[in-house]
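Peer 1: When you get a sec, could you give me coordinates for this:
(one chain, ligands or ions: 1)
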Amino acid sequence: MRLSAPPQMEITMMQASEYFDLGLKFHGHKCPAMPLGLRAGAAAMNALGVERSQDKELVMQVETGDDHAAGCFVDGLMTITGCTYGKSNVKKTYYGKMGDVPVDVEIGGQALLTLSL
Ligand SMILES: [Zn+2]
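Peer 2: Prediction:
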C-alpha cells in the first residue's frame with residue numbers, strides 16, 4: 001500500500017462524517033454498510049493522499065458482489081470518493097469481498113483496503 005503523497009502537495013484529510021448526510025440522501029435508507037463504505041473510502045484516500053474525484057482522477061475497483069449489504073457499502077464508497085458508475089470510474093470485480101482499490105490515475109498510486117468482519 002502506498003502511504004504518502006508527493007511532499008509538495010497539501011492534501012486535506014478525508015473525514016467520513018462530513019459525507020454522512022450526502023451518503024444518506026444518495027443511498028436512501030439508514031444501514032451500517034453505507035457508513036462503512038464512507039470510512040473505507042476515507043481510509044483508502046488518506047492512505048493514497050488523494051482528494052475526491054471530480055472527473056476521472058481516480059478509478060476505483062470494488063471487490064464486492066451483488067448482495068444487498070455489498071451494494072450499500074459501494075454507495076458509501078461512491079459518495080466519498082467521487083468515483084461513480086455514471087462517470088465509469090467504478091469497476092466491480094465480484095470477488096465477494098467488502099473491499100475497494102482506488103487508483104490515482106495521474107500518479108499511478110493505489111491502495112488496497114479490505115474489511116475483515
Ligand atoms: Zn443500505
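
Peer 1: Verify the contact between residue 46 and residue 14 for me.
Peer 2: Yes. Using Cβ atoms under 8 Å, residue 46 is in contact with residue 14, at 5.6 Å. For the C-beta atoms, the positions are set from N, CA and C on the backbone; glycine is no exception.

Peer 1: neighbour count winner among the two?
Peer 2: Shown here are residue 46 and residue 14; by other Cβ atoms under 10 Å, residue 14 has more neighbours (20 against 17).

Peer 1: isn't there a strand covering the more buried one?
Peer 2: No. With DSSP: H, G, I helix; E, B strand; the rest coil as the criterion, residue 14 is assigned coil and is not in a strand.

Peer 1: I'd like to know how far it sits from residue 38.
Peer 2: Residue 14 is 9 Å from residue 38, where distance means Cβ to Cβ, to the nearest Å.

Peer 1: what sits in contact with each of the two?
Peer 2: Shared contacts of residue 14 and residue 38 (Cβ atoms under 8 Å, 6 or more residues apart in numbering): residue 80.

Peer 1: quick one: stretch 12-20 near the ion?
Peer 2: No. Stretch 12-20 stays clear of the ion (Cβ under 5 Å from the ion), getting no nearer than 13.0 Å.

Peer 1: now that stretch: mean pLDDT?
Peer 2: Here stretch 12-20 scores 91 as its mean pLDDT.

Peer 1: Now do that stretch: distance to the chain's middle.
Peer 2: Distance of stretch 12-20 from its chain centroid, counting by Cα atoms, centre = their mean, to the nearest Å, is 11 Å.

Peer 1: So which residues on this structure come close to the ion?
Peer 2: Counting by Cβ under 5 Å from the ion, the residues of the chain near the ion are 31, 72.

Peer 1: What are the boundaries of the strands in the chain?
Peer 2: 58-62, 90-92, 99-104, 113-114 (DSSP state E).

Peer 1: Rounded mean pLDDT for the longest one, please.
Peer 2: The pLDDT scores in strand 99-104 average 66.

Peer 1: got a list of what residue 39 touches?
Peer 2: Taking Cβ under 8 Å, 6+ apart, we find residue 39 in contact with 16, 76.
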